[in-house]
Structure formats: structure tokens, C-alpha cells
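Participant: Kindly return the folded structure for what I paste below:
(one chain, ligands or ions: 2)
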Amino acid sequence: RGLSALPRRHTVSVSAVASERLEATSSLNGGSTWNPSAWRSKPVVQQPEYLDQVEVVKAVAEIARMPPLIFAGECRTLEQRLAKASTGDAFVLFGGDCAEAFSQFSANRIRDLYRLILQMSIVLAFGGGVPIVKLGRIAGQFAKPRSAPTETIDGVTLPAYRGDIINGPEFNEESRRCDPWRLVKAYNQSAATLNLLRGFSYGGYAGLSRVSQWNLEFMKNTNEGHAYMDIAKRVDEAIQFMIACGMDTNMPFMRETEFYTCHECLLLDYEAALTRLDSTTDLWYGCSAHFLWCGERTRQLDHAHVDFLRGVNNPIGVKVSDKMDPNDIVTLIAMLNPSNTPGRLSIIVRMGARKLREHLPALISAVQRSGQVVTWVCDPMHGNTETVSGYKTRRYDNVRSEIEAFFDVHEQLGTVPGGVHLEMTGDNVTECIGGGASVSEDDLNSRYHTHCDPRLNAEQSLEIAFYVAQRLRQ
Ligand code: PEP
Ligand code: MN
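Facilitator: Numbering: from 1, shown residues only. Ligands and ions are numbered 1, 2, ... in the order given. As a prediction, the model looks like this:
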């Protein structure tokens, strides 16, 4: 059955420009039926090289037998929330580790990230006056694309670390060997993580009556911690007032919150094994997370990742750098969202502050001209990575400047900034330089724990949330 025949709700008309582009690329789609394995006939990049294919087949078969991690109905609700963000009636916060690690798996770390995302969403909702869609880069964010397939240290060359779902970060032969049974371990860690996240979301922890209890211990005496408590106090007062007016304290938002998971759709063996047919709609869903995105390195129009993602009915995203061409973005959007369903597709821009001002306007204009509906999201992390004293780091000021540029460009064009996508942690790490807490270059070696890219710490993240809230208010 052709993809175009798949039913979709809430579609809006797309201009002739985009339809023409879609027709021109129908040969890329092969005009053919989609299934979760169809990508295997396309060129594919950034996949691990396993030595023992028999073990790969066994490990993947084991995952294919496992239950889905998320439900299709949740994806449909998320799509509606993201559609709101495309028109400015909601705002999306993506946040979490660059790469989750087996060795750093703990209930406290999950709680601290979750709590920080709740805090930030209170700051954003209070300042921006719109609902905040919360998406954790968690419960599946394991696989990493690499710019080089190998790494050389002191004359020794070994395969690059590709994330704990594939191999280990330690620089020795044994650890860097790709092990397919890590797929199963990653699935199990994701399931346990999601179990706790669902407990937090629906078991009382995330109720709005607890806003003042979410401040992290080490944040209590910081400027950001104080500013947060001021807002928490005002939220408490507003709730008391509404209760006095007769509001029912059993309202769902007083007891629970929606929280969604996302990760880069990179490792196609894993994603395909978790792709299931939804029994209520007869549509395919990627059941490893609610939201999947295509990375900057895997978004080639005629390659496997785009083919896989066009067929799953989850809300999806694509990372886009300054290398993206205005014509290509229209083609790509037409392939990934042929029915132009609002909320289906987020474009996650990651260019660096200066390049963004130069390149984003042409992309937005091209998309606007073709009548395509997307949710524009700013990833201010990946265009601002640098190496200082041997550490991969990012400067708080550059991260903030890219967000500033993103809001400025949308303001100039009269379009909608729909969200931010951050690499961040609830831990008190020293991986990014600057911010009010002033992590200096010399501090990098004190608590540098990331297995991949440097993350904003809790204080820096909250500071970003205050800045974004101020922009949303304007
Ligand atoms: C990431 O989000 O960790 C990542 C690798 O992003 P990008 O594809 O934008 O480089
Ligand atoms: Mn990263």
C-alpha cells in the first residue's frame, strides 16, 4: 500500500511548489509500499560494523519479541501538542543527555533531570503564558553519529565510540568492539527509565501543588534557584486563590503532567525491531520513543534514515545545519510529511548564532512559500561546540546568542519559534563554560562527566529557561 494512501487526520493543503517537489522525488520513494524493513534496500550511513552477524540476528529478534515502550495514542496526543507549538499556542522543551550511559544509570539522575525539566517548564509557562510540551532526550538516547569512524590516540587507532548501545567509551580494543547484545541492555534500561518517568508523571510527583518542592538541593543558594522560588511562590498563591474561588484540587493538572520521550533515530536495526502496527488505526509506529528525529548526518534524501522515518506515524524531527539548501528542505519536508499534517514534523535548527542569522531566513521563507506547516525548534548546542584545554565544550554565551538569533529571525519574518532543544543534565557538572555560575575554563576538569557532548548544568539550564521565557513574553 502506498504511503499516500495512509489516512491522516488534520491535514492542511500544501502549495503546488511542494506537491511538485514531492512528485519529482516519488522515484526516491520508489512510489512503493513502505514497511519497517524497506530501508534495507537504500544506502545507509553511521551504522555499526558487527563482526558476528548471527549474534546480531539473535539480539534483534529478542527486541522484536519485547513489548513496545510507548503507545500509538500517546504519539497522536503529542502530535496535537506539537501542532499547537507550530502556531505559538504552545512551546516545546526538549532536554537531556547527549548520550545516555550504562554506567551513569540511576534513579536519582533520572529524577534530577525530570525535576529540572519540570522547573524549566514552570518558568517558561509562567513567563510565556503558553502550555509547555515536555520531551526528554531519555529512555533510548544511546546511539551517536560520529564524524570519523575511528579514533587515534598516541599512535593507536581504534573504532570510534558510537554510544553504549553499540560499544564502550573506554579506549581499548575489547571495549570498542561492537556488541549486538548491548541493544538488549539498552532496551531494558530504556524500559526501566520509562517506568520511573511514568511513575513521576502520573503518581503525584509532578502535580502543580508541588512546584516549590522541585528546586534541586545544590541550587537553593544560587540566583537561579532564588528566582525559581519566587515564581514557585507566585504559582502557589495563584493556586490558593483558585481553590478559594472553588477550583477542584482533583483537576488532572494538579496531580499529573504529560511527559514524552525522544531520541535520534539512528540505529535502524533497533528502531525497525520496535516498529509495530497500531491495532486501532492499522498504522505503523516506531515504539522505541514518542518522538524520533533524523540527525544532520543521516538526512540524505535518497538514504535509509529518511525512508524509515517517512513511514512511521510518530511525530518526527530533522536536524538542520547551515549546509541545508532552501530547495532541499522543501523536498525533504514533502517526503516526510506529504499530507502536511500540523505537528507531524519539527525542523530542529542547529547552525551556530552567526550562521543562523545568515542561513535560517532563506529556509523559513522557502518553507513558507510552499505552504508547509512545520514546528521550528532551536538546538543551540551542536553549532557551538569547541575544544578548550583538551575538553569538548560550549560557551553559555554562544548558546544564548543562538537562541537570541533564532527568536530575532522569527520575529523579523513574522513566523513562530516553536521550541528549544538542549543537551542538559540535572547534575552539577562543569562541562559548558560561563553562565551566572561562571564555570571557567579551569573548572572543566572538575566535574566533566559526559560520554559525548558537553551539557548545560542545572543552573545554566534554568538560566536559559529564564531567557527564553522573557523572549516568549515579548
Ligand atoms: C545530537 O543531537 O546529539 C546530534 C548528534 O545532533 P546533530 O545530528 O544535530 O549533530
Ligand atoms: Mn550531541
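Participant: any chance you could map the helices in the stretch 151-300 of the chain?
Facilitator: Shown for the stretch 151-300 of the chain, the helices assigned by DSSP state H, counting those that start in this stretch span residues 173-176, 181-202, 223-244, 252-255, 268-273.
Participant: Quick check: which of the ones you listed is nearest to residue 406?
Facilitator: Comparing the helices of the stretch 151-300 of the chain by their distance to residue 406 (C-beta to C-beta), the top pick is helix 223-244, with 21.5 Å. Bear in mind the C-beta positions are built from the backbone N, C-alpha and C, glycine included.
Participant: So residue 208 sits against residue 254, correct?
Facilitator: Yes - with contacts defined as C-beta atoms under 8 Å, residue 208 counts as touching residue 254 at a distance of 5.4 Å.
Participant: Compare neighbour counts for those two and give me the winner.
Facilitator: Neighbour comparison, residue 208 and residue 254: the larger count goes to residue 208, with 20 against 17 (by other C-beta atoms under 10 Å).
Participant: Now for the more buried one: which residues touch it?
Facilitator: When contacts are counted by C-beta atoms under 8 Å, 6 or more residues apart in numbering, residue 208 touches 235, 239, 253-254.
Participant: Quick check: whatever residue of the stretch 201-350 of the chain ends up closest to ligand 2 vs ligand 1, distance?
Facilitator: The minimum distance from the stretch 201-350 of the chain to ligand 2, using C-beta to the ion, falls at residue 264 (8.6 Å). The spacing between residue 264 and ligand 1, counted by C-beta to the nearest ligand atom, to the nearest Å, is 6 Å.
Participant: repeat for residue 384
Facilitator: The spacing between residue 384 and ligand 1, counted by C-beta to the nearest ligand atom, is 11 Å.
Participant: mind listing what the closest residue to that residue other than its chain neighbours touches?
Facilitator: Here the nearest residue to residue 384 in space, its sequence neighbours aside, is residue 398; by C-beta to C-beta, 6 or more residues apart in numbering that works out to 4.2 Å. Neighbour list for residue 398: 352-353, 380, 384 [criterion: C-beta under 8 Å, 6+ apart].
Participant: possible to save these as JSON lines with distance to ligand 2 and pLDDT?
Facilitator: Rendered in JSON lines, the data for those read as follows (distance: C-beta to the ion, whole Å; pLDDT from 0 to 100):
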{"residue": "352", "distance to ligand 2": "14", "pLDDT": "96"}
{"residue": "353", "distance to ligand 2": "17", "pLDDT": "90"}
{"residue": "380", "distance to ligand 2": "12", "pLDDT": "98"}
{"residue": "384", "distance to ligand 2": "11", "pLDDT": "97"}
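Participant: which of the residues you listed sit farthest apart?
Facilitator: 352 and 380 (8.6 Å).
Participant: which neighbours do those two share?
Facilitator: Residues touching both residue 352 and residue 380 (C-beta under 8 Å, 6+ apart) are 398, 402.
Participant: quick one, which of the two is more surrounded?
Facilitator: Here residue 352 and residue 380 are set side by side on neighbour count (other C-beta under 10 Å), and the busier one is residue 380, at 28 against 20.
Participant: Point me to the helix or strand that includes that one.
Facilitator: When secondary structure is defined by DSSP states H and E, residue 380 falls outside every helix and strand.
Participant: how about it, phi and psi?
Facilitator: phi -90, psi 20 (degrees, to the nearest 10).
Participant: my guess is it meets residue 397, correct?
Facilitator: No - using C-beta under 8 Å, residue 380 makes no contact with residue 397, being 10.8 Å away.
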